[in-house]
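**Student:** Sequence first, predicted coordinates after that:
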Amino acid sequence: MQRIDLTSGLAQIQRAAAQLKEQWGEAKSVWNDEPSRTFQKDFLEPLIPELRLTVTAIQRLAEVLTKAEKECQDDGI
């Protein structure tokens with residue numbers, strides 16, 4: 001049975017989020033007007049809780065899959 005690797009995708013999501021945060025910080029230093037604040041409020045701020053939920057869900061799914069894989073191996077399946 002092929003093992004499912006969720007950690008690589010999770011690491012990519014975490015790196016992309018960190019990169020977005022860093023690059024937005026740089027952009028804000030030169031783009032600091034009402035449209036930039038609206039962009040941050042409407043698009044970037046809603047991402048934070050969604051990313052946290054996604055990371056938590058992926059971590060939980062990885063745990064469940066690891067447990068299922070172990071149980072299948074213990075049963076000889």
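**Tutor:** Cool, got the structure.

**Student:** What are the buried residues along stretch 56-65?
**Tutor:** Across stretch 56-65, burial judged by 16 or more other C-beta atoms under 10 Å covers 58, 62. Just so you know, the C-beta spots here come from the backbone N, C-alpha and C atoms, and that holds for glycine as well.

**Student:** Output the lowest mean pLDDT helix or strand found in the chain.
**Tutor:** Every helix and strand of the chain was ranked by mean pLDDT, DSSP states H and E. The lowest is helix 47-74, at a mean of 92.

**Student:** Assign residue 13 to helix, strand or coil.
**Tutor:** helix (DSSP: H, G, I helix; E, B strand; the rest coil).

**Student:** Contact partners for the residue nearest the centre of the chain?
**Tutor:** Central residue of the chain (C-alpha atoms, centre = their mean): residue 13, 4.0 Å from the mean position. Listed by C-beta atoms under 8 Å, 6 or more residues apart in numbering, the contact set of residue 13 reads 51, 54-55, 58.

**Student:** Kindly give a single ChimeraX line that selects the buried subset of those residues.
**Tutor:** Filtering those down to the buried ones (16+ other C-beta under 10 Å) takes a single ChimeraX command:
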select :58
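
**Student:** Is it possible to get a markdown table of the contacts of residue 13 that adds distance to residue 3?
**Tutor:** As requested, the contacts of residue 13 are arranged in a markdown table below (distance: C-beta to C-beta, whole Å):
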| residue | distance to residue 3 |
| --- | --- |
| 51 | 25 |
| 54 | 21 |
| 55 | 20 |
| 58 | 15 |
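
**Student:** starting at the chain centroid, how far to the least confident helix or strand of the chain?
**Tutor:** 12 Å (C-alpha atoms, centre = their mean, to the nearest Å).

**Student:** what do you get for stretch 14-23?
**Tutor:** Worked out by C-alpha atoms, centre = their mean, stretch 14-23 lies 10 Å from the chain centre.

**Student:** can you pull the buried residues of it?
**Tutor:** Applying 16+ other C-beta under 10 Å to stretch 14-23 flags residue 17 as buried.

**Student:** what does that stretch rub up against?
**Tutor:** 44, 47, 51, 55.

**Student:** hmm, which two among the residues you listed are most spread apart?
**Tutor:** Using C-beta to C-beta, the two most remote members of the contacts of stretch 14-23 are 44 and 55, lying 16.7 Å apart.

**Student:** Brilliant, that's me finished.
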